[in-house]
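Colleague: sequence plus the predicted model coming up.
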Amino acid sequence: MAGLYFHIPFCRRRCTYCDFYFVTNGALIERFLNALETEVHARADLFSDEAVSTIYFGGGTPSMLSAKQLDCILSLIQKKFRLDSDLELTLEANPEDLIESLLQDYSHVGINRLSIGTQAFSDDKLKLLSREHTAAESIVSVERAHRWFKNVSLDLIFGTEGETLSDWQRELELAASLSPEHISAYSLTVEPFTPLSKLIARGKRTRPSDSLQTEMFLLTMEFLDAHGFEHYEVSNYARSGFRSRHNSSYWQRIPYLGFGPSAHSFFRQGGNEIRSANQRSLNRYLETPTDAHDFREVLSDLDRFNETVLLSLRQREGLALELLRKNFNFAALHFGALSQIVADFERDGLMTTEHETIKLTRKGFTLADTIASEFFITQHQQLNDATCAS
Ligand code: SF4
């Protein structure tokens with residue numbers, strides 16, 4: 001089982017909070033597609049032994065591509081990879097692009113899951129985020145998408161300036177009333193070098209309040225659970241049978257190849273696990289699409305241990321301690337300390353243990369990454385273990 005990710009690095013304009021890689025020069029799309037084809041030809045062999053079960057077009061704004069352009073990429077994928085019959089094929093789309101004929105064409109070329117960047121159902125909030133669409137377009141796009149797709153996901157953002165808990169509850173009510181199969185809800189984060197971070201530095205915007213965002217996150221978990229959505233990962237909620245299989249593969253450490261500028265990959269080669277990423281530069285990508293690497297890293301046992309802890313704790317299924325013991329012999333010396341950390345988090349209501357599997361509570365999910373980091377083993381600790389054992 002494996003996945004493919006295609007980064008479509010074009011947007012019409014920049015949203016203030018965004019730190020994804022994109023350019024606003026849509027005239028380069030055709031040249032980009034040619035470069036993408038070259039990269040696929042050069043790297044497809046990495047998956048000669050894998051069957052691809054999920055494909056994801058992310059961005060950027062993949063809905064700036066026509067169905068014909070997508071069809072070309074899909075034909076190439078069919079030639080170069082072995083595809084599962086039960087393929088999940090997701091496309092991220094912006095609400096303002098989703099006119100009826102485009103939706104129809106996307107469904108005809110094989111897209112079977114649509115992830116719509118609604119973000120909000122309030123015009124004021126959309127303006128603050130510098131989104132191009134209106135609240136009315138958010139609503140209409142979801143209604144329209146359901147005429148062509150059985151699997152529709154919404155992206156929502158909470159914690160923008162001036163937003164209250166009851167504003168957010170109203171947005172959740174509106175989102176649920178549109179009956180999406182899946183919702184991704186993210187707290188607004190201020191990433192360095194974004195227009196939002198500069199506006200905050202100049203005093204023109206206020207930094208989101210951590211405590212209010214925590215309350216909003218707790219409300220999201222309660223509300224969506226009460227409305228039939230399973231909370232299966234920190235920011236993701238699905239009706240039964242509609243989890244994102246592609247994104248789940250990231251958290252389950254299933255291999256995937258990423259194509260396009262800034263795209264990341266995770267794959268196994270010669271007994272090693274490798275993570276790599278392409279550079280965040282379209283120009284560089286257009287010049288040398290087969291050599292656009294930013295980094296390529298072979299994971300150590302320590303990396304694999306820490307990744308497993310972090311990614312497992314982010315999921316509803318939690319972290320199976322037995323699996324950790326079985327797969328990471330080198331960490332045996334740490335299991336005593338680990339049990340003590342678990343006991344402390346249980347006492348604080350952040351974690352529960354069921355059948356040797358530790359899981360975060362709702363309160364725990366609001367601190368997921370911080371909690372996971374308490375379980376990490378550092379290189380320094382590992383060196384100390386080696387010295388003590390010798
Ligand atoms: S549309 Fe998406 S990728 Fe493009 S700038 Fe806005 S948030 Fe970023």
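Modeller: Ah, there it is.

Colleague: pull the number of nearby residues for Arg296.
Modeller: Arg296: 10 surrounding residues under other Cβ atoms under 10 Å. Where you see a C-beta, it was placed from the backbone N, CA and C, and this is true even at glycine.

Colleague: what about Ser138, neighbour count?
Modeller: 27.

Colleague: element containing it, please.
Modeller: Under the criterion of DSSP states H and E, Ser138 resides in helix 135-148.

Colleague: touching that helix from outside, list them.
Modeller: Applying Cβ atoms under 8 Å, 6 or more residues apart in numbering, the contact partners of helix 135-148 are 93, 95-96, 98-100, 103-104, 106-107, 114, 116, 118-123, 126, 133, 152, 154, 174, 178-180.

Colleague: just the residues you listed: which are in helices?
Modeller: Judged by DSSP state H, the subset of those located in helices is Glu100, Leu103, Gln104, Tyr106, Ser107, Asp123, Leu126, Leu174.

Colleague: make sure Ser276 is actually in contact with Ala292.
Modeller: No - the pair Ser276 and Ala292 fails to qualify as a contact (Cβ atoms under 8 Å) at a distance of 10.4 Å.

Colleague: picking that back up, quick one: buried residues of the helix holding Ser138?
Modeller: Neighbour-count burial for helix 135-148, counted by 16 or more other Cβ atoms under 10 Å, picks out Ala135, Glu137, Ser138, Ile139, Ser141, Val142, Arg144, Ala145, His146, Trp148.

Colleague: what's the closest non-adjacent residue to the third one?
Modeller: So that's Ser138. Thr118 (4.2 Å; Cβ to Cβ, 6 or more residues apart in numbering).

Colleague: can you tell me which residues in this protein are near the ligand?
Modeller: Cys11, Arg14, Cys15, Cys18, Phe20, Phe22, Gly59, Gly60, Thr61, Asn94, Gly117 (Cβ under 6 Å from any ligand atom).

Colleague: and these as a markdown table, adding pLDDT?
Modeller: Shown next, in a markdown table, are those (pLDDT from 0 to 100):
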| residue | pLDDT |
| --- | --- |
| Cys11 | 97 |
| Arg14 | 94 |
| Cys15 | 96 |
| Cys18 | 96 |
| Phe20 | 97 |
| Phe22 | 97 |
| Gly59 | 95 |
| Gly60 | 96 |
| Thr61 | 98 |
| Asn94 | 98 |
| Gly117 | 98 |
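
Colleague: which of the residues you listed count as buried?
Modeller: In the residues of the chain next to the ligand, the ones that pass as buried (16+ other Cβ under 10 Å) are Cys11, Cys15, Cys18, Phe20, Phe22, Gly59, Gly60, Thr61, Asn94, Gly117.

Colleague: now the first one, nearest residue through space, not along the chain?
Modeller: The spatial neighbour of Cys11 that comes closest, neighbours along the chain excluded (Cβ to Cβ, 6+ apart), is Phe22 at 4.4 Å.

Colleague: what's the separation between that neighbour and Ser187?
Modeller: 22 Å (Cβ to Cβ, to the nearest Å).

Colleague: try Ser209
Modeller: Taking Cβ to Cβ, one finds Ser209 at 10 Å from Ser187.

Colleague: show me whatever sits in contact with both of the two.
Modeller: The contact lists of Ser209 and Ser187 share Gly159, where a contact means Cβ under 8 Å, 6+ apart.

Colleague: which of the two has more residues huddled nearby?
Modeller: Neighbour totals were compared for Ser209 and Ser187, and Ser187 leads with 18 against 13 (other Cβ under 10 Å).

Colleague: list the contacts of that one.
Modeller: Counting by Cβ under 8 Å, 6+ apart, Ser187 has contacts Ile157, Phe158, Gly159, Pro208, Gln213, Met216, Phe217.

Colleague: tabulate the CA atom coordinates of the helix or strand hosting Ser184 in CSV.
Modeller: If you go by DSSP H and E, Ser184 is part of strand 182-187. Extracted C-alpha coordinates of strand 182-187, given in CSV (Å, rounded to 0.1, in the frame of the first residue of the first chain):
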residue,chain,number,x,y,z
HIS,A,182,-15.4,14.8,6.7
ILE,A,183,-14.2,18.0,8.4
SER,A,184,-10.6,19.2,9.1
ALA,A,185,-10.6,22.0,11.7
TYR,A,186,-7.4,23.9,12.4
SER,A,187,-6.6,26.6,14.9
